[in-house]
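Asker: mind folding the following:
(one chain, ligands or ions: 1)
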Amino acid sequence: MAPEISRRSWLKWSGAVAGATPLLTACAPKQPTREPLPIATDGMAGVDKTVWSACVVNCGSRCPLRLQVKDGAVVRVLPDNTGDDSLLNRQIRACVRGRNMRQRIYNPDRIKTPLKRREGTPRGGGQWDEISWDEALDLFAEKLKHTIDTYGNEAVFKVYGSGVWNAHLGTSGGWMKLFNLLGGSLGYYGNYSYSQIGTITRFHYGNPDEQISNSFEDSIENGRMLVLWGNNPQETRMSGGGLVFTSLEAAKTDGLRIVVIDPRYSESASLLADEWIAPRPGTDAALVAGIVHHLLANDLHDQAFLDRYCVGFDEDHMPPGIPAGNSYRSYIEGSGPDKVEKTPDWAAAITGVPADVIRRFALDLGRTKPVNISQGWGPQRHANGENQARAIYTLANVLGQVGIPGGGTGGREGYYWPLTSWFDDGKNPVKTQISNFGWTDAIERGPEMTALRDGVRGADRLKVGIKFMLEYGGNMLASQHADNNRTREILTDETKCEFICVVDNQFTGSAALADLVLPDTTTAERWDLAPSEYTGDMAYLIMCEKAIDPLFDSRPAYEMVTGLAKRFGLEKEFTEGRDLEGWARHIHETKNVPAVPGMPSFDELKKVGVHRYHSPDGLTVALKEFREDPEANKLDTPSGKIEIFSSELWEMSKTWEFPDAERGDKITALPEHVATWEGAEEALEADAKYPIQLIGHHFKQRTHSTYGNNANLQEAHPQVLWLSQMDAQRRGIADGDQVEIFNDRGRVQIEARVTPRIMPGVASLPQGAWMRMDAAGVDHGGSVNVLSRLHPTPVAKGNCQHTNLVEIKKA
Ligand code: SF4
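Answerer: Below is the predicted model:
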């Protein structure tokens, strides 16, 4: 048992190994202070072997698992037994999902053999023929060749999927390498996690991805306040190696005040917060505006920082050629084009947060520095998500917190993540891309999609719609994309997308919509390596040894693609003479070992299982160099500074086209609040047809849709609708009642959890549930995407699946 640690006692640990600040400079890349335990010190006696493996799903972490094997079967799953309870050497404890890995490996939903949709039956009709691997690979190769010959490579598309995530080999599977060898396929940019913030950040901070903030470890050491803004690490980052641990340590830290901003009293609000503030969904930019108004009124903004590091805050610091009255300060003080002063009372009416709370919170922010505003990805997953994300960045700018210890950029908590040694898929010869969310449009009206209207990149427009689609390790077709009913209509029209193949180890709803289903293995049945991801200032790498032979007639994707490459005469180019273990060894020895001083060899890693390491630069203080010398370390924006007013967005607001514009479909140069379709303002209208804002939170039962069919986890964490007591009372709904949630797009029937843990006017249905549609068209699985919409956001053209209005009634 690891010894108990007191608040900030990790400093003593790090002091012991690192000496003085910067904390990690001296210690990196030192390894744990304790010798690793032998792999098999606990668990079941009399097993044949115990090997290191990992849970590799898209939860943001990755956890080591020790798999005990007897007679060719995994009989026990054990968690990490290395590390201890200190902050930078913490044990990487698997969450309840990874510990249920046996129920994933041996799930009755495992796909046992290749399946072909029965000739003459409709797509999605549920009738299948079992076929041999030769027949299956012949069919795939024939359809792929036909598509390329008939329509060109742009008609081939591998849709987003994240069921095998961040594994060196498994994530790729080799599919893109094959497509690239054959001339390429239509690409996509963005992802379902953070499309809006990932796209808009380059206009604000110049970063082509989101801009990270300081790490939680830095807040623990140097901060006085940590604001988790739409950020719920206790449910979205559940690995003991990740933020579930570091955020709890933050909560235990003397003198570090934690505020959680979320419409739902999340597990993070419950476990971490000194204060919970609940704005209506999609109104964060208005809340920021009200706060900034009060900061200005009390002279608590950092004018010196804004003058030196930012463009667009006030009229004296605008890009050339912009008419007067377009600065953020003018917007806040009511001298901008809308002539509305963004007082706390104005913000209260929109956000639902009382004006006195906004005033007091503004004073807290202005007087309690340094403060790290750590933005999650909930606020940006809205119809106005780009502006929401920029507004939260802007608050950190107004407070002058960028690039200093204990402060932050307003982005998501920082991390050290140097190892991205993916299987090399080569370069895609097709340069045309759509947004991650644009594939249903590309099936329906591909050649109509343009750069200015639909965000097509690399070309002015698409030449052709998607005709051949591959889903690998994902449940996008039936669950994770928006508007499940409309998506199903599009996919079952065989005149549009002519061939769909799904590759997975579980028979998902997406598999049910395929023409060909290929059975993949789980990680336990193949070789791989799994690096950490969002795990703060402790990075790590996990060995994944093949524990058992593939079950039934399944194969690792790599072997499927090898068979396909052979059919195209490309086997040598594809495999380069290596099997999966050979690739794992090759990538590790040629990329990982040189990149990380002290990284064990492949064979040594097989023994120790996990290798932890740290940044030589110490704890993550984002944009530190820019803060120290902004002239020498310019940002990649046109001005080289933080652009609170973006002249690029100003131009785009005039040139981008919104032919079917709805409320909120517009681009603004400032991070202002924009009222949108199905937003808070529409919900509050007296005659609103659908007056409840529905969001979809992450929760413990699943990682997106992965583990969604795991009976143990379903029992432990049942799918229920969170509904406020006030909204339930008005509708005669009691806790535990079956309710119907509905709008014009669909109907879901599920149990209600009537709770004070969600604000009135808002309901939440955990995202990722597998849809179970009855004959009347009602989903009993609880998929929030039955109710979400396909309409994309203005700039990123991304998914805004928290912007939904519904009504709820007793079923
Ligand atoms: S779901 Fe994430 S946190 Fe849970 S065991 Fe798997 S990798 Fe770890």
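
Asker: the closest residue to the ligand within the stretch 151-300 of the chain - nearest residue in space that isn't next to it in sequence?
Answerer: At 3.5 Å from the ligand, Ser239 is the closest residue in the stretch 151-300 of the chain, using C-beta to the nearest ligand atom. (C-beta placed from N, C-alpha, C; glycine too.) Leaving out its chain neighbours, the residue that sits closest to Ser239 by C-beta to C-beta, 6 or more residues apart in numbering is Ser61, at 3.1 Å.

Asker: cool, and Phe313?
Answerer: According to C-beta to C-beta, 6+ apart, the nearest residue to Phe313 is Leu306 (4.4 Å).

Asker: from Val464, how far out is that neighbour?
Answerer: 48 Å (C-beta to C-beta, to the nearest Å).

Asker: and those two? Which one has more around it.
Answerer: Higher neighbour count among Leu306 and Val464: Leu306, with 24 against 17, using other C-beta atoms under 10 Å.

Asker: what's near enough to touch Phe568?
Answerer: 141, 145, 178, 181-182 (C-beta atoms under 8 Å, 6 or more residues apart in numbering).

Asker: closest to Thr50 among those residues?
Answerer: Leu178 (35.1 Å; C-beta to C-beta).

Asker: can you check the pLDDT for Pro29?
Answerer: Pro29 is assigned 33 on the pLDDT scale.

Asker: the chain should start at 80 in everything you say after this.
Answerer: Renumbered: residue one is now 80, and that last one reads Pro108.

Asker: related to what we said a few turns ago, what helix or strand is the residue of the stretch 230-379 of the chain closest to the ligand on?
Answerer: For Ser318, there is no enclosing helix or strand under DSSP states H and E.

Asker: wait, it sits on Ile171?
Answerer: Yes. Look at Ser318 against Ile171 with C-beta atoms under 8 Å: they come within range, at 6.2 Å.

Asker: residues that sit against both of the two, list them.
Answerer: Shared contacts of Ser318 and Ile171 (C-beta under 8 Å, 6+ apart): 140, 142.

Asker: now do the strands in the stretch 630-779 of the chain.
Answerer: Ranges of strands within the stretch 630-779 of the chain are 689-692, 721-722, 771-774, based on DSSP state E, counting those that start in this stretch.

Asker: so which of those gets nearest Asp744?
Answerer: strand 771-774 (18.7 Å).

Asker: name the residues that touch the closest one?
Answerer: With contact meaning C-beta under 8 Å, 6+ apart, strand 771-774 is reached by 342-343, 359-361, 457, 757-759, 762, 806, 820, 840-844, 863, 866, 881, 883-887.

Asker: ok, now stretch 665-674?
Answerer: Stretch 665-674 has contacts (C-beta under 8 Å, 6+ apart) with 247-248, 497-498, 500, 502, 608, 620, 657, 678, 680-681, 684.

Asker: let me see the mean pLDDT of it.
Answerer: Mean pLDDT, computed over stretch 665-674, is 96.

Asker: buried set for it?
Answerer: Using 16 or more other C-beta atoms under 10 Å as the test for burial, stretch 665-674 gives 666-667, 670-672.

Asker: got the end-to-end distance for that stretch?
Answerer: One end of stretch 665-674 to the other measures 14 Å (C-alpha to C-alpha, to the nearest Å).

Asker: the residue nearest to Ser318 - how many residues pack around it?
Answerer: The burial count for Ser140: 30, using other C-beta under 10 Å.

Asker: tell me the phi and psi of it?
Answerer: Per-residue torsions, Ser140: phi -120, psi -90 (degrees, to the nearest 10).

Asker: so what's it up against?
Answerer: So Ser140 contacts 171, 316-318, 320-321, 611-614 (C-beta under 8 Å, 6+ apart).

Asker: mind doing that once more with 10 Å?
Answerer: Ser140 makes contacts with 134, 171, 173-174, 177, 244-245, 315-324, 609, 611-614, 619, 782, as judged by C-beta atoms under 10 Å, 6 or more residues apart in numbering.

Asker: which of these fall within strands?
Answerer: 134, 609, 619 (DSSP state E).

Asker: and the last one, how close does it get to Trp606?
Answerer: This points to Tyr619. 18 Å.

Asker: longest helix in the protein, please.
Answerer: Counting by DSSP state H, the longest helix found in the chain is helix 212-230.

Asker: any buried residues in that helix, and which?
Answerer: The neighbour-count criterion (16+ other C-beta under 10 Å) identifies 212, 215-216, 218-220, 222-223, 226-227, 230 as the buried residues of helix 212-230.

Asker: tabulate those residues (CSV), appending distance to Ile370.
Answerer: Listed next are the buried residues of helix 212-230 as CSV, based on distance: C-beta to C-beta, whole Å:
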residue, distance to Ile370
Trp212, 60
Ala215, 58
Leu216, 58
Leu218, 58
Phe219, 55
Ala220, 58
Lys222, 55
Leu223, 54
Thr226, 53
Ile227, 54
Tyr230, 52
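
Asker: okay if I get those as a markdown table plus pLDDT?
Answerer: Compiled in a markdown table, these are given as follows (pLDDT from 0 to 100):
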| residue | pLDDT |
| --- | --- |
| Trp212 | 98 |
| Ala215 | 98 |
| Leu216 | 98 |
| Leu218 | 98 |
| Phe219 | 98 |
| Ala220 | 98 |
| Lys222 | 98 |
| Leu223 | 98 |
| Thr226 | 98 |
| Ile227 | 98 |
| Tyr230 | 98 |
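
Asker: distance to the ligand added to those, as a markdown table?
Answerer: As requested, the buried residues of helix 212-230 are exported to a markdown table (distance: C-beta to the nearest ligand atom, whole Å):
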| residue | distance to the ligand |
| --- | --- |
| Trp212 | 30 |
| Ala215 | 30 |
| Leu216 | 31 |
| Leu218 | 34 |
| Phe219 | 30 |
| Ala220 | 34 |
| Lys222 | 34 |
| Leu223 | 33 |
| Thr226 | 35 |
| Ile227 | 37 |
| Tyr230 | 39 |
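
Asker: for those, work out which two are farthest apart.
Answerer: Trp212 and Tyr230 (26.9 Å).

Asker: who touches the residue lying closest to His796 once chain neighbours are set aside in this structure?
Answerer: With C-beta to C-beta, 6+ apart as the criterion, His796 has its nearest non-adjacent residue at 3.7 Å, and that residue is Gln780. Going by C-beta under 10 Å, 6+ apart, Gln780 touches 175-176, 786-787, 789, 791-798, 845, 847-848.

Asker: now do the SS call for Gln780.
Answerer: Taking DSSP: H, G, I helix; E, B strand; the rest coil as the rule, one finds Gln780 in the coil state.

Asker: do the same with Trp355
Answerer: strand.

Asker: got a list of what it touches?
Answerer: Per C-beta under 10 Å, 6+ apart, neighbours of Trp355: 307, 337-341, 343-345, 347-349, 836, 838.

Asker: let's see 8 Å
Answerer: 338-341, 344, 348.

Asker: same thing with Ala352?
Answerer: 307, 337-339.

Asker: show me which of the residues you listed are buried.
Answerer: Applying 16+ other C-beta under 10 Å to the contacts of Ala352 flags 307, 337-339 as buried.

Asker: so which of those reach the ligand?
Answerer: With C-beta under 6 Å from any ligand atom as the criterion, no member of those is in contact with the ligand.
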